[in-house]
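Novice: when you get a sec, could you give me coordinates for this:
(one chain, ligands or ions: 2)
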Amino acid sequence: MPNTLFIDGKWVSAVNGGTRKIHNPADGSFVAEVDEASPADTELAIKAARRAFDSGVWSSVPASERGDLLLKFAAVLRERKDEFAKAESLDTGKRFVESQIDMDDIANCFDYFGKLAANDAGRVVDAGTDTVASKIVHEPIGVCALITPWNYPLLQAAWKIAPAIAAGNAFVLKPAELTPHTAILTMQVLEELGLPAGVGNLILGAGADAGAPLSTHEDIDMVSFTGGLVTGRLLARNAADSIKKIALELGGKNPNVVFADADFEAALDNALNAAFVHSGQVCSAGARLIVEESIAEEFVNRLVERAEQIRLGGPFDDNAETGPLISAAHRDKVHAYVEKGIAEGARLRCGGKFGEGDLADGFYYLPTVLDQVKRGMSVVSDEAFGPVVTVETFSTVDEAVEIANDTYYGLAGAVWSQDAGKTQLVAQRLRHGTIWINDFHPYLPQAEWGGYKQSGFGRELGPTGLAEYQEAKHIYQNLEPAVTGWFPDHTK
Ligand SMILES: NC(=O)c1ccc[n+]([C@@H]2O[C@H](COP(=O)([O-])OP(=O)(O)OC[C@H]3O[C@@H](n4cnc5c(N)ncnc54)[C@H](O)[C@@H]3O)[C@@H](O)[C@H]2O)c1
Ligand SMILES: C[N+](C)(C)CC=O
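Specialist: Numbers count the residues shown, from 1 in each chain. Ligands and ions are numbered 1, 2, ... in the order given. Just a heads-up that it's a prediction; the model follows:
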């Protein structure tokens, strides 16, 4: 039995003996077998977290010591970076070098929250009188369910684990069922670093089964979810019954607006990155290229030419520039989405098919450009979560803004121009949680990340990313208690 569930400080197998085989999406090769939890295992994990939280074993530890544990985790991760990156690449098919970059970002995230925890002293409130001492103290929320996707498995988990630990919560982590290995390594390290039993628990398995109790159980105080819109809606409905706090980091349909006065080569190069890094399996992928009419023909011709040259390959192929999709099912979904777009009138400029030859054993999909699209088409509205970019054109600033905001999502977007006034103005008018000016994709641990509209609510990273895992308690102390006389004493 694999013993890959971590519950109440012990490595255990699933109660019903369930297991799952993990395969590398790059070539279908077997990676390892892990436990497949059922709701019975999740129940045990939730109960363990509840007991640990209620005992105060972690929340009573000074915030600076909780922060120290995060700093130590960051140091271990830097030492063992390649081991973690290899595990991530085997599960996801992501290029090893990209997984290494992710591990650096994750270590920085742990460092950030480690330091923030140590400096989180609450706030003295000016009550407007010398006779009152008033302050805000930050307390943990309680037991947090942390539910994460497969595209950036440890990064998305780190954005939740680090602030949850910093704030003194207990948690149950459920990574995506296809990508469990860096979560297992992480829990091993947290155990070695002395996180008390029950404070951190790990459940592996399918969302609808192992994950189901996490949004309904009365012992869960908060659900922090990163994943798809449909799942997010379900979890929000479930959480409403017991008024759990819920944070949702959902998908995006992110505009990349290129004005004619942009640095053409930089904008072109970044339009490729925006759409095709990690084969488009990025929540903030620049999947909607919105380019000024006067340069559109040349820009799109060059984009197609470059997209056709992108080399696909497995995580350890030094020539590969991007990798496979996560599964055959996901690749088929992306292909169906492209076919629907073509049926609706989009023109296929390149891609639109599976990888062949050496790539046939993996779940590859060729970088795909669709132009002649119209708003309202599913390829323009819905998230593909694959290597697919649509092209729209505009003639005025107002039109560019209107097109870029015409989406039910609101996660991220970019604007390209050498006119600083114009880029600032457009950045202000775009209704998305992150706006890049003359760049695409960077994020910082010290800057909030999250969505407008149906990209979700709540924020990860930055000071707000810690506050998500805290209650703010107001302590009001009357320094000169006295009779108020509001209700006269009629007994006298
Ligand atoms: N906003 C962000 O920062 C961000 C970051 C990464 C990914 N995403 C989004 O994630 C999506 C892709 O991820 P995915 O396919 O893994 O999403 P998904 O919604 O299918 O699954 C996400 C997680 O939820 C779990 N889950 C599914 N049903 C559940 C249920 N009923 N109860 C509890 N857990 C359940 C899954 O097992 C997985 O762990 C894309 O839409 C992408 O844009 C968003
Ligand atoms: C949040 N990010 C950009 C790291 C990954 C989104 O899928």
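Novice: per-domain residue ranges of this protein.
Specialist: Under the assignment automatic domain parsing, the domains of the chain span 5-250+461-476, 255-437.
Novice: ok, and does the last one reach over to ligand 1?
Specialist: Yes - Domain 255-437 is in contact with ligand 1 by Cβ under 6 Å from any ligand atom, via 283, 383, 385, 411. The C-beta positions use only the backbone N, C-alpha and C, and glycine is treated the same way.
Novice: can you report how many residues lie near the closest residue to residue 259 other than its chain neighbours?
Specialist: Sequence neighbours aside, residue 417 is the residue nearest to residue 259 in space, at 3.9 Å (criterion: Cβ to Cβ, 6 or more residues apart in numbering). Around residue 417 sit 23 other residues, with neighbours defined as other Cβ atoms under 10 Å.
Novice: for residue 36, same thing?
Specialist: Neighbours of residue 36 using other Cβ under 10 Å come to 25.
Novice: give me phi/psi at it?
Specialist: phi -120, psi 110 (degrees, to the nearest 10).
Novice: tell me the contacts of it?
Specialist: For residue 36, the contacting residues are 14, 18-20, 177, 204-206, 210, by Cβ atoms under 8 Å, 6 or more residues apart in numbering.
Novice: closest to residue 482 out of the domains of the chain?
Specialist: domain 5-250+461-476 (9.1 Å; Cβ to Cβ).
Novice: just to confirm, which helix or strand has residue 415 in it?
Specialist: With elements taken from DSSP states H and E, the one containing residue 415 is strand 412-416.
Novice: and that strand, is it in reach of ligand 2?
Specialist: No - with Cβ under 6 Å from any ligand atom as the criterion, ligand 2 is not reached by strand 412-416; the gap is at least 7.8 Å.
Novice: one step back: if any of the residues of domain 255-437 next to ligand 1 are buried, put those into a PyMOL selection.
Specialist: Of these, the buried ones go into a single PyMOL selection, burial set by 16 or more other Cβ atoms under 10 Å:
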select buried, resi 283+383+385+411
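Novice: residues of the stretch 151-300 of the chain that sit close to ligand 2?
Specialist: 151-152, 155, 282-284.
Novice: coming back round to it: JSON lines please, covering the domains of the chain and showing mean pLDDT.
Specialist: Below are these laid out as JSON lines (pLDDT from 0 to 100):
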{"stretch": "domain 5-250+461-476", "mean pLDDT": "98"}
{"stretch": "domain 255-437", "mean pLDDT": "98"}
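Novice: excluding chain neighbours, what is closest to the residue in the stretch 51-200 of the chain positioned nearest to ligand 1?
Specialist: Of all residues in the stretch 51-200 of the chain, residue 149 sits closest to ligand 1, at 3.2 Å by Cβ to the nearest ligand atom. Excluding its sequence neighbours, the residue lying closest to residue 149 (Cβ to Cβ, 6+ apart) is residue 227, at 4.6 Å.
Novice: hang on, isn't that neighbour packed against residue 147?
Specialist: Yes - between residue 227 and residue 147 there is a contact at 6.7 Å, judged by Cβ atoms under 8 Å.
Novice: give me the common contacts of these two.
Specialist: Residues touching both residue 227 and residue 147 (Cβ under 8 Å, 6+ apart) are residue 207.
Novice: the residues of domain 255-437 next to ligand 1 in strands, which ones?
Specialist: Using DSSP state E, no member of the residues of domain 255-437 next to ligand 1 falls in strands.
Novice: adding distance to residue 322 as columns, could you present the residues of domain 255-437 next to ligand 1 in JSON lines?
Specialist: JSON lines is the format used below for the residues of domain 255-437 next to ligand 1 (distance: Cβ to Cβ, whole Å):
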{"residue": "283", "distance to residue 322": "16"}
{"residue": "383", "distance to residue 322": "18"}
{"residue": "385", "distance to residue 322": "14"}
{"residue": "411", "distance to residue 322": "21"}
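Novice: separation between residue 420 and ligand 2?
Specialist: Distance of residue 420 to ligand 2, given as Cβ to the nearest ligand atom, to the nearest Å: 25 Å.
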